[in-house]
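*Asks:* Predicted structure and sequence below. I'll ask about it afterward.
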Amino acid sequence: MSQNTNTLPVHPAILEAIRRSVDEREFNLYPRKAGVPGLVEAILEDLGLEGFDVLLTNGGIEGEYIATRSLLGPGNEVLSTDPSFLPIHDQVAMSEAKAVEVDIYRKPYVLTPEWANASITPATKMLLLIDPNNPLGSSYTRDQVRGLSDVARDRDLWLLNDVTYRDFNKGHVLASAFYPEQTLTSYSFSKGPGLAGMRIGALVAPPGGTVMKALRRFDTNVLGVNVLAQRAALAALQTKKEWLPEVRKTCELNQAAIRRAVEKVDGASLPVYPSNANMFVVDLSETGVNPETVEERLLFDHLVHTRAGSYLSRRHGGKFLRVSFTVPESDAKRFASAFPAVMETLAK
Ligand SMILES: Cc1ncc(COP(=O)(O)O)c(C=O)c1O
């Protein structure tokens, strides 16, 4: 429950695709640079996009590295949030640019177009829209995505739309729907189908080839990306209708079980509920207990691993614990019994 991955049963077709690839020793050869036949098309179909350029990457995070390195330079600013998935901010720094972290640890727990506008400066070059947000599990309405797309267009910004957790949000809206000309979509297979260790994702760029050409300057995968991972990813998309409802159902049940446990603890609360991702934060600020200590005691005394907020927020990390729930229901139940017990001990 710490890594925010997915340890639910994997669809047999995905396992079969990996095994077949091993049996056929596809790994002896370099994979096709353009990907195994059908994968790029299946990604675009999953997103409901046509004609966009797709670069297969070692997980979504590599695509974000390629995008930030290619499109940013020294002194540029990237409008983002706090909390956020901070490794992307570290990547921004690799281009000697800076992430400007707008505080969204307050209602409505997303970056509103008004807050975005207020934080833009002449140095702003990109808007990073992580939807749903890690760690909050908050997501953006159609109007909010449109509003942020308008902000980006008005200021001629790149819009990097990280949709890593899209599978968990039934009503997800892509920024490409409103701002196709300068939106890059970062796509992941890690969370929904549970392929984090395979390291496969994609960066989806506007049609026409010009942006993709710029991105390729920092693409080191001239020899392709892992073929087993590609086979698994293709099978995941081909069977999505079969596994996604189960995954969503488990998330719903697990977050409800966690909520009941949080309600037992005086001062603990869930700022965002229900989450539209596979995680949310448990706010502990009113309990006076340090999230790092809760993480430690849950792990060492109960073998339940969660993540203290400092990994995801410099400003608010001392207030919350992030809990992920794409885990078997038995694991969520273990958290539900351990959390109140740990909090009782620490409150003494
Ligand atoms: C918001 C966000 N973007 C990107 C990633 C990286 O995803 P991938 O495993 O596809 O590289 C993560 C991983 O947790 C994430 O939370």
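*Replies:* Everything's here; your move. Numbering: from 1, shown residues only.

*Asks:* gap between the longest helix anywhere in the chain and the chain center?
*Replies:* In the chain, with assignment by DSSP state H, the single longest helix is helix 240-263. Offset of helix 240-263 from its chain centre (CA atoms, centre = their mean, to the nearest Å): 17 Å.

*Asks:* tell me what the helix or strand following it is packed against?
*Replies:* Remark: after helix 240-263, the chain's next helix or strand is strand 279-283, criterion DSSP states H and E. Strand 279-283 sits against helix 240-263, strand 320-324, with contacts defined as 3 or more CB pairs under 8 Å, 6 or more residues apart in numbering; DSSP states H and E. (C-beta placed from N, C-alpha, C; glycine too.)

*Asks:* ok, 10 Å please
*Replies:* Secondary-structure packing of strand 279-283 (3 or more CB pairs under 10 Å, 6 or more residues apart in numbering; DSSP states H and E): helix 240-263, helix 291-302, strand 320-324, helix 329-347.

*Asks:* SS state for residue 78?
*Replies:* The three-state label for residue 78, taken from DSSP: H, G, I helix; E, B strand; the rest coil, comes out as strand.

*Asks:* check contacts around the residue nearest to it when sequence neighbours are not counted.
*Replies:* Distance criterion CB to CB, 6 or more residues apart in numbering; nearest residue to residue 78, sequence neighbours excluded, is residue 126 at 4.5 Å. Going by CB atoms under 10 Å, 6 or more residues apart in numbering, residue 126 touches 67-68, 71-72, 76-80, 92, 97, 99, 152, 157-160, 182, 184.

*Asks:* tell me the pLDDT at the residue nearest the centre of the chain?
*Replies:* The residue lying closest to the centre of the chain (CA atoms, centre = their mean) is residue 164, at 3.6 Å. Predicted confidence (pLDDT) for residue 164: 98.

*Asks:* Does it touch residue 139 like I think?
*Replies:* No: at 12.0 Å, residue 164 and residue 139 do not qualify as touching, with contact defined as CB atoms under 10 Å.

*Asks:* Pretty sure residue 115 sits in a helix.
*Replies:* Yes: remark: residue 115 belongs to a helix, assigned using three-state DSSP.

*Asks:* Check whether it really touches residue 104, as I assumed.
*Replies:* Yes: using CB under 10 Å, residue 115 is in contact with residue 104, at 7.6 Å.

*Asks:* now stretch 287-303: mean pLDDT?
*Replies:* The pLDDT scores in stretch 287-303 average 96.

*Asks:* The helices and strands packed on strand 279-283: which one's closest to the ligand?
*Replies:* Across these, the ligand has its closest neighbour in strand 320-324 (9.5 Å, CB to the nearest ligand atom).

*Asks:* and after the strand or helix carrying the residue nearest to residue 78, which helix or strand comes next?
*Replies:* If you go by DSSP H and E, residue 126 is part of strand 124-130. Counting by DSSP H and E, the next helix or strand C-terminal to strand 124-130 is helix 142-154.

*Asks:* quick one: contacts of that following helix?
*Replies:* 79, 108, 110-117, 120, 124, 126-127, 129, 131, 139-141, 157-161, 171-183.
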